[in-house]
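**Student:** Any chance you could fold what I've pasted below:
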Amino acid sequence: MLWAAYVVFNGCFLHHNFNLFNTYLLSGCGLYLALVFLFNIYQSPVKALFTIITLLALIECLICFGQYIKMLPSLNTFFPVTGSWENPNVTAMFLAMAVPAAYVALAFYNGLLKRATVAVIMLMVLTILLLQCRTAIIGLIVELLIVSIYKFRLSGTFKTKANRPLFILVTILSLAVIIPVAKLAYKAKEASADGRKLIWKLSGQMIMNEPFAGYGYGTFEKYYNLKQAAYFKEGAGSEQEQKNAAFVHMGYNELLQNGVEGGVLGSLLLIFIFYSLLKVPVFKKHSTNRENLQLLSEQESYQYIIIYIGVAAFVVMSVFNFTLQAIPVLCLFIFYGAILTSHPYLKRYDIPGHPFFQDFVNLEGLKLYTRRSIAILAVVFGLLMTFQISKLVYYNYLNNQARLEKGYGNYATALTLMGHIEDHLNGDESYWTNYGNILFSVKNYAAALIKYKQAITLISDPAIYSKLAQCYLKTGDYAHAENAFLTAAYIEPGRVAPRFALLNLYLKMNDTIKTVNEAKLIVDLTPKVPSQRVSNYKYHAMLIMNKLNHPYHQ
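**Tutor:** Numbering: from 1, shown residues only. From the prediction side, this is the model:
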């Protein structure tokens, strides 16, 4: 709740930019509180939800295997298997988070259904390996490790003085296995790993630049890519960093991304959320809390421990990837977190430091009118959020319809639609980009320029900078066109297209020195993804150098 309040304060007062991402985080907090209240009143719906999660995971697995055997198309040209999401990481992390739900569901079934659930769990693990998501594999390892510690009572065993040598031996053997596996995982996607190291390095610098308020929630994509462009423009980046750098959408580390967007306080609040959930005493065997926990049934106790491993996996995966932005992954985290918060242990026993929160979430000790007031406020807040989001969905639908009309060549209809929704989507970069694309198609370059300028106040997509540069080029403003093309090129230094556009601009400007330098840079550049188009760019760059009497020499 403190984090949600800070998100609102940061957007409304510190940056005056309460955007869609602020709404997204606030909706997540609302869902969490709603589930906490629900699970304190009704326990039976939880069983059905575990079954639904398991079935959804099974569907994802079947989609992935359909893509693997080429019966279903992949949603991303760069990955043969993605599941129902364009990014395979989302599918893989969802499956890793769904494994605990399937384990809990096992306790509800017998006979054939139990064996079928075991088969689904095995299928989920196999699918995660098929998706080749290292973060999800790490999540699975964390889940297995915590279950092993509980199942074999390793925590109590290793704490005794007599078993210290055994603990040291197990630690050494574990490191002997973990270090080679970690190296293998790094080498499997070395370029991706090195790209993330650059993102984390620059994100750390951004936090140091804006430690108090950050850059604002929902603005990481914009400000990070501008930071990356400035980094390479200043000549600070190594050749390897330039090769691995790409247009970045998120920080691949939730603590760092929260630090960039919300400052140090935003990052600390997220850490406290993780800490508070991991502190729920579900299996502290060496304390008196364990005695109280034994009053729960064995099935209840095991259920909460399995849910706990789901939360722990989410926390660990948050260090290596995006989790808050992955909607199904965040939903499962909220679901598990709400169950832990409404844990019978927290309800039945007096835990020091929690009495106010216990009374609040259980609605115990509150007068009738107070409980009713809370209920009315929750309903009103929910209806308002639903209304706002429904409006947003409708106007985004119209925005997409305008894009489709442009594709059909119905430019007048597309422009009419865009005019109707400006007041409702003026904080959405996709609206301004779409509007600019339509105006560019009808050759109204001056008007398109205005729309693209509005778009880059919200996002730093190199494709938009390239479009902006083309508008400047069409209107004869070569200096601004050069700056826009350079920004696009430095955001993605491994891409050849913006460089080739610069080459053509310098030819148009009759600047022989810049033309030759740019042509040599294109020929020397090692692309992140080689293609026939890149080969054509390089070939034409060499032809231009020869024509200008500056033949290419390595």
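**Student:** Please make it C-alpha for all contacts and neighbour counts, starting now.
**Tutor:** Noted.
**Student:** Identify each buried residue in the strand or helix carrying residue 117, please.
**Tutor:** Assigned by DSSP states H and E, residue 117 belongs to helix 111-131. Across helix 111-131, burial judged by 16 or more other CA atoms under 10 Å covers 117, 118, 120, 121, 123, 124, 125, 127, 128, 130, 131.
**Student:** quick one, what contacts residue 9?
**Tutor:** Residues counted as contacts of residue 9 (CA atoms under 8 Å, 6 or more residues apart in numbering): none.
**Student:** Tell me the confidence at it?
**Tutor:** We have a pLDDT of 94 for residue 9.
**Student:** if I look at it, how far off is residue 256?
**Tutor:** Residue 9 sits 20 Å away from residue 256, going by CA to CA, to the nearest Å.
**Student:** swap in residue 502?
**Tutor:** Applying CA to CA, the value for residue 502 to residue 256 is 34 Å.
**Student:** and if you look at residue 458?
**Tutor:** Per CA to CA, residue 458 is found 20 Å from residue 256.
**Student:** between those two, who's got more neighbours?
**Tutor:** residue 256 (24 against 18; other CA atoms under 10 Å).
**Student:** my guess is that one meets residue 205, correct?
**Tutor:** No. Here residue 256 does not reach residue 205: they are 10.3 Å apart, not a contact under CA atoms under 8 Å.
**Student:** and the nearest residue to residue 493 once chain neighbours are set aside, what element?
**Tutor:** In this structure, residue 493 finds its nearest non-sequential neighbour in residue 242, 5.5 Å apart by CA to CA, 6 or more residues apart in numbering. If you go by DSSP H and E, residue 242 is part of helix 239-244.
**Student:** wait, what's in contact with the residue lying closest to residue 450 once chain neighbours are set aside?
**Tutor:** Spatial nearest neighbour of residue 450, excluding adjacent residues (CA to CA, 6+ apart): residue 436 at 7.8 Å. Going by CA under 8 Å, 6+ apart, residue 436 touches 447, 448, 449, 450, 451, 452.
**Student:** Kindly state the domain boundaries assigned to this structure.
**Tutor:** 366-439, 460-554 (automatic domain parsing).
**Student:** average pLDDT across the shortest one?
**Tutor:** Mean pLDDT, taken over the full extent of domain 366-439, equals 89.
**Student:** Likewise for the longest one?
**Tutor:** Domain 460-554 carries an average pLDDT of 90.
**Student:** swap in stretch 255-267?
**Tutor:** Averaged over stretch 255-267, pLDDT sits at 95.
**Student:** on that earlier part again, reformat the domains of the chain as TSV; add distance to residue 50.
**Tutor:** Putting the domains of the chain into TSV (distance: least, CA to CA, whole Å) gives the following:
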stretch	distance to residue 50
domain 366-439	24
domain 460-554	39
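**Student:** Name the stretch among those that sits most buried.
**Tutor:** domain 460-554 (a mean of 19; mean count of other CA atoms under 10 Å).
**Student:** quick one: the helices in the stretch 101-250 of the chain?
**Tutor:** 111-131, 134-151, 154-159, 164-188, 190-209, 220-233, 239-244 (DSSP state H, counting those that start in this stretch).
**Student:** With just CA atoms, put the first one into PDB.
**Tutor:** Extracted in PDB, the C-alpha atoms of helix 111-131 (Å, rounded to 0.1, in the frame of the first residue of the first chain):
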ATOM      1  CA  GLY A 111      -5.900 -41.700  -8.900                       C
ATOM      2  CA  LEU A 112      -5.900 -40.700 -12.600                       C
ATOM      3  CA  LEU A 113      -6.200 -37.000 -12.000                       C
ATOM      4  CA  LYS A 114      -3.200 -37.000  -9.700                       C
ATOM      5  CA  ARG A 115      -1.100 -38.900 -12.300                       C
ATOM      6  CA  ALA A 116      -2.300 -36.400 -15.000                       C
ATOM      7  CA  THR A 117      -1.300 -33.500 -12.800                       C
ATOM      8  CA  VAL A 118       2.200 -35.000 -12.300                       C
ATOM      9  CA  ALA A 119       2.400 -35.400 -16.100                       C
ATOM     10  CA  VAL A 120       1.500 -31.700 -16.500                       C
ATOM     11  CA  ILE A 121       4.200 -30.600 -14.100                       C
ATOM     12  CA  MET A 122       6.800 -32.600 -16.000                       C
ATOM     13  CA  LEU A 123       5.500 -31.100 -19.300                       C
ATOM     14  CA  MET A 124       5.800 -27.600 -17.800                       C
ATOM     15  CA  VAL A 125       9.500 -28.200 -16.900                       C
ATOM     16  CA  LEU A 126      10.200 -29.600 -20.300                       C
ATOM     17  CA  THR A 127       8.500 -26.600 -22.000                       C
ATOM     18  CA  ILE A 128      10.600 -24.200 -19.900                       C
ATOM     19  CA  LEU A 129      13.800 -25.900 -21.200                       C
ATOM     20  CA  LEU A 130      12.300 -25.700 -24.800                       C
ATOM     21  CA  LEU A 131      11.800 -22.000 -24.400                       C
END
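**Student:** And the pLDDT at the nearest residue to residue 93 once chain neighbours are set aside?
**Tutor:** Among residues not flanking residue 93 along the chain, residue 136 sits closest, at 4.8 Å (CA to CA, 6+ apart). Looking at residue 136, its pLDDT is 94.
**Student:** Verify the stated contact: residue 136 with residue 317.
**Tutor:** Yes. Residue 136 is within contact range of residue 317, at 7.1 Å (criterion: CA under 8 Å).
**Student:** In terms of neighbours, single out the busier of those two.
**Tutor:** Just comparing residue 136 and residue 317: by other CA under 10 Å the higher neighbour count belongs to residue 136, 29 against 26.
**Student:** Tell me who's in contact with the more buried one.
**Tutor:** Contacts here follow CA under 8 Å, 6+ apart; on that basis residue 136 touches 89, 92, 93, 95, 96, 128, 317.
**Student:** picking that back up, now the contacts of residue 436: which count as buried?
**Tutor:** Here, 16+ other CA under 10 Å leaves 448, 449, 451, 452 buried among the contacts of residue 436.
**Student:** quick one, what contacts residue 447?
**Tutor:** 436, 439.
**Student:** And the next helix or strand past the helix or strand that it is a member of?
**Tutor:** Per DSSP H and E, residue 447 falls inside helix 445-455. Note on helix 445-455: by DSSP H and E, the next helix or strand toward the C-terminus is helix 462-474.
**Student:** Regarding the chain, what is its longest helix?
**Tutor:** Scanning the chain for the helix with the most residues, using DSSP state H, yields helix 368-408.
**Student:** Now do that helix: which elements does it pack against?
**Tutor:** helix 411-425, helix 429-441 (3 or more CA pairs under 8 Å, 6 or more residues apart in numbering; DSSP states H and E).
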